[in-house]
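A.B. asks: only geometry, no sequence info:
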């Protein structure tokens, strides 16, 4: 992105040589890479260049059957292992992830398009931390508050999105294994590679065959997995529409279900907020991972009296963001994950403009190949506007104003979602009063988009049910 | 001894703290286990169900916002009132379930004790299921349970009073408000419970009691966009599946029918946690500095 500064940054690319991507990958079933039963494959591309990275086997119904059967066979022994032994496997996985974190960070950046700064400093440390955290639970489950002998559920079918491919895998697999379940996981069709590399991590860790199975594929693969009669637990992270479909699919069965769905987080800035910190938090809230975050702070609610000052600051800050090669260590904003997602963002932004909101972007040169969208903010937004109601899942911020704390709370809660919110104020009592009234599963005060394996994460209302992370995250995988 | 003609009671719904008849004007015949007529209970309509949701929503803010101590006091007051009406409920339960007086008395005593048990939970559940999380960084955060909102409760069909209270008390103990569909065949103890609630400091709308055909009332509740959760205890397998599918429309929290062999057994906290959300609130510790950035 062109900036007004006198000195341009020299390129500081991270080397690709640390990762060796094979020209093709199979499905990972029962400890082995195998071809899809019907021989289908699909290509995965780098969103920043549209370069084909690899060809990946595409799982169909027969492969789902095979993988679930393998997981079922593995379940008996895995669940009967002493917790202390399961713990050691998970600790091994955590350590191997740490050892290979640079390789995995580069891989994730190539396949997803997010900046290396984020995969290196956010995704990978959190992935390792989740395995470490849940490793320690494996031999302490009787102390977790779910009874003296909580039992695993069986085979977990897990479907994860493309925005944090490896982190979402960790959120799903770590608690499932710690509690004694076996898993069949479907990564997203645009980002299958890190899950397949994770299969190799399992191999290095000596994990028993069939405990973890990876089935790359599209939505129909996920649907077959969710509907499989021998799956005991379904965990899904993704869109609210698909989440509802899954809830209908498992209705009338004994399958336990947890859903982490969409959001339209409000970031509320009061007139006594520390402006500079709030601006950093707003940027982090909506431009982290190109805004492709379910808990993104996509609605800025700013107290009317400081609107001009805050927006000036925010625009100045946006002008310093660097968009471009995700492997460049100075890059703040990488590529949008896919052409399809780019089209969705573009169409919603066009709708925002058509409905009368005013878009603004910093002066910004987009690379000629790949999928890119300039950071954008909309002013003159009302609660009725589509861009204030629908999840955009891109680097697009809608700015609304309020006058009183009550109005801020009413506007923040005026959504079908209830995943996240932010509060910016110097006044502690106001933080607590407002946080109490917000209908959201995660509330960040004077910060935003913080994650930690010890902390439960999940939504109210149509943002889904169940929690991932922390002691609470165990419940989803235990017979309680 | 001269035969005195007894005064019969007109059973009415309990909605928003008032005792309306069904807006549909319909009633259905409630009989005892031997088929003897007991009363004409209101046969609620979809409109009654929607009115009850409106009342429950209106009551939610105040009830959820009350202190846990206050909710405990109010619930305990209900137990006091129940104790005073013990004889009435023994009579109603005996009729409803075809029990001897002594067996019915056992049920009613267990019910009152169950209510007292839940009254004591209001200010403890947050300590048991919430807590502080040791975050790796200059932050602290707290996870606290919060009520999920308006809960539709299909009371168990068989246990007209103990079963009813076992599913209603945990819902409101945690700050939710409830729209309760009474046992279809034996609704009278539930309708009488409404009278107890009305005189027990429970704000109007916190519990709303409907009687009628379970499937007819449950269907609009399961698809209602302003209902946040549903307990399917009183639904059979076919109806439960249908309602669970409808509930997916706004991702209601669904508690599927759980096999309960013995309602007198200590219930555990599953029914308390089934209708709770977990909210995690993060704060920076120490200097605000550049804490706005995750990079």
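C.D. replies: Looks like it came in fine. The model shown is predicted, which means the values in this text are computed figures rather than measured ones.
A.B. asks: SS state for residue A:110?
C.D. replies: helix (DSSP: H, G, I helix; E, B strand; the rest coil).
A.B. asks: could you check how far it is from chain B?
C.D. replies: Distance of residue A:110 to chain B, given as Cβ to the nearest Cβ, to the nearest Å: 20 Å. Backbone N, C-alpha and C define where each C-beta goes, glycine included.
A.B. asks: list the contacts of stretch B:106-114.
C.D. replies: The contact list for stretch B:106-114 (Cβ atoms under 8 Å, 6 or more residues apart in numbering or on different chains) reads B:79, B:82-83, B:86, B:89-90, B:93, B:97, B:99, B:159, B:161-162, B:165-166, B:169, B:263-264, B:267.
A.B. asks: now stretch A:228-236
C.D. replies: Outside stretch A:228-236, the residues that reach it (Cβ under 8 Å, 6+ apart) are A:64-65, A:68-69, A:72, A:153-159, A:172, A:176, A:181, A:184, A:222, A:225-226, A:242-243, A:246, A:250, A:254-260, A:466, A:476-477.
A.B. asks: in helices, which of those fall?
C.D. replies: When DSSP state H defines the helices, the subset of these inside them is A:64-65, A:68-69, A:72, A:172, A:176, A:222, A:225-226, A:242-243, A:246, A:250.
A.B. asks: near chain B, from those residues?
C.D. replies: residue A:243 (Cβ under 8 Å from any Cβ of the partner chain).
A.B. asks: low pLDDT regions in chain A?
C.D. replies: A:1-6 (pLDDT under 70).
A.B. asks: if we use 50, what do you get?
C.D. replies: By pLDDT under 50, the weakly predicted segments of chain A are A:1-2.
A.B. asks: what residues of stretch A:21-41 count as buried?
C.D. replies: A:21, A:25-31, A:33, A:36-37 (16 or more other Cβ atoms under 10 Å in any protein chain shown).
A.B. asks: what's the span of it, first residue to last?
C.D. replies: With Cα to Cα, to the nearest Å as the measure, stretch A:21-41 spans 16 Å from end to end.
A.B. asks: now swap in stretch A:39-56 and tell me
C.D. replies: Its start and end residues considered, stretch A:39-56 measures 10 Å (Cα to Cα).
A.B. asks: pull out the buried positions in that stretch.
C.D. replies: Under 16+ other Cβ under 10 Å, the buried positions of stretch A:39-56 are A:42, A:44-49, A:53-54, A:56.
A.B. asks: neighbouring contacts of it?
C.D. replies: Residues from elsewhere that reach stretch A:39-56 (Cβ under 8 Å, 6+ apart): A:21-25, A:57-58, A:60, A:110-113, A:189-193, A:196, A:216, A:218, A:325-327, A:334-338, A:367, A:369-371.
A.B. asks: which phi and psi values does residue B:120 adopt?
C.D. replies: phi -80, psi -10 (degrees, to the nearest 10).
A.B. asks: three-state assignment of the closest residue to it other than its chain neighbours?
C.D. replies: Closest residue in space to residue B:120, ignoring its immediate chain neighbours: residue B:72 at 6.6 Å, by Cβ to Cβ, 6 or more residues apart in numbering or on different chains. When classified by three-state DSSP, residue B:72 comes out as helix.
A.B. asks: do you know how far residue B:72 is from residue B:153?
C.D. replies: Distance from residue B:72 to residue B:153, counting by Cβ to Cβ, to the nearest Å: 20 Å.
A.B. asks: and those two? Which one has more around it.
C.D. replies: residue B:153 (30 against 19; other Cβ atoms under 10 Å in any protein chain shown).
A.B. asks: report the distance from the one helix or strand that one maps to to the chain centre.
C.D. replies: Using DSSP states H and E, residue B:153 sits within strand B:150-154. Per Cα atoms, centre = their mean, to the nearest Å, the displacement of strand B:150-154 from the mean C-alpha position of its chain is 6 Å.
A.B. asks: quick one: strands adjacent to that strand?
C.D. replies: Strand pairing for strand B:150-154, determined by DSSP bridges: strand B:177-181 (parallel), strand B:229-231 (parallel).
A.B. asks: who touches that strand?
C.D. replies: Applying Cβ under 8 Å, 6+ apart, the set of residues contacting strand B:150-154 is B:53, B:56-57, B:60, B:167-168, B:171, B:176-181, B:214, B:218, B:221-222, B:224, B:226-235, B:275.
A.B. asks: follow-up on the earlier one: mind giving me the ChimeraX command for buried ones among the contacts of stretch B:106-114?
C.D. replies: In ChimeraX syntax, the buried subset of the contacts of stretch B:106-114 is picked out as below (16+ other Cβ under 10 Å):
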select /B:79,82,89,90,93,97,99,159,161,162,165,166,169,263,264,267
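A.B. asks: show only the entries of the contacts of stretch B:106-114 found in helices.
C.D. replies: Short answer: those in helices (DSSP H) are B:79, B:82-83, B:86, B:89-90, B:93, B:97, B:162, B:165-166, B:169.
A.B. asks: so where do the strands sit in chain B?
C.D. replies: B:27-31, B:37-42, B:131-133, B:139-147, B:150-154, B:177-181, B:207-210, B:229-231, B:253-255, B:276-284 (DSSP state E).
A.B. asks: partners of the last one in the sheet?
C.D. replies: If I follow you right, that is strand B:276-284. Strand B:276-284 has the following strand partners under DSSP bridges: strand A:442-445 (parallel), strand B:139-147 (antiparallel).
A.B. asks: any idea how far the residue positioned nearest the centre of chain B is from chain A?
C.D. replies: Nearest to the mean C-alpha position of chain B, by Cα atoms, centre = their mean, lies residue B:168 at 2.4 Å. Between residue B:168 and chain A the distance is 21 Å, computed by Cβ to the nearest Cβ.
A.B. asks: how many residues are close by residue A:181?
C.D. replies: Using other Cβ under 10 Å: residue A:181 sits among 26 other residues.
A.B. asks: what sits against it?
C.D. replies: A:75, A:78-79, A:152-156, A:232-233, A:477.
A.B. asks: contact partners for residue B:192?
C.D. replies: Here residue B:192 is in contact with B:11, B:85, B:88-89, B:92 (criterion: Cβ under 8 Å, 6+ apart).
A.B. asks: and if you look at residue A:208?
C.D. replies: Per Cβ under 8 Å, 6+ apart, neighbours of residue A:208: A:31, A:74, A:77-78.
A.B. asks: can you select the buried ones from those in PyMOL?
C.D. replies: Buried members of these, defined by 16+ other Cβ under 10 Å, are picked up in PyMOL with:
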select buried, chain A and resi 31+74+78
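A.B. asks: which single one of the contacts of residue A:208 is nearest to chain B?
C.D. replies: residue A:78 (25.8 Å; Cβ to the nearest Cβ).
A.B. asks: looking at this, the closest one is in a helix?
C.D. replies: Yes - counting by three-state DSSP, one finds residue A:78 located in a helix.
A.B. asks: my guess is it meets residue A:209, correct?
C.D. replies: No - applying Cβ atoms under 8 Å, one finds residue A:78 not in contact with residue A:209, separated by 10.2 Å.
A.B. asks: do you know how far residue B:152 is from residue B:258?
C.D. replies: The gap separating residue B:152 from residue B:258 is 16 Å, by Cβ to Cβ.
A.B. asks: of the contacts of stretch A:228-236, just the buried ones, PyMOL syntax please.
C.D. replies: In PyMOL syntax, the buried subset of those is picked out as below (16+ other Cβ under 10 Å):
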select buried, chain A and resi 64+68+69+72+153+154+155+156+157+158+159+172+176+181+184+222+225+226+242+243+246+250+255+256+257+258+259+260+466+476+477
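A.B. asks: returning to that earlier point: now, the contacts of residue A:181 that are in strands?
C.D. replies: Going by DSSP E, the strands hold A:155-156, A:233 from these.
A.B. asks: closest to residue A:395 out of those?
C.D. replies: residue A:156 (33.0 Å; Cβ to Cβ).
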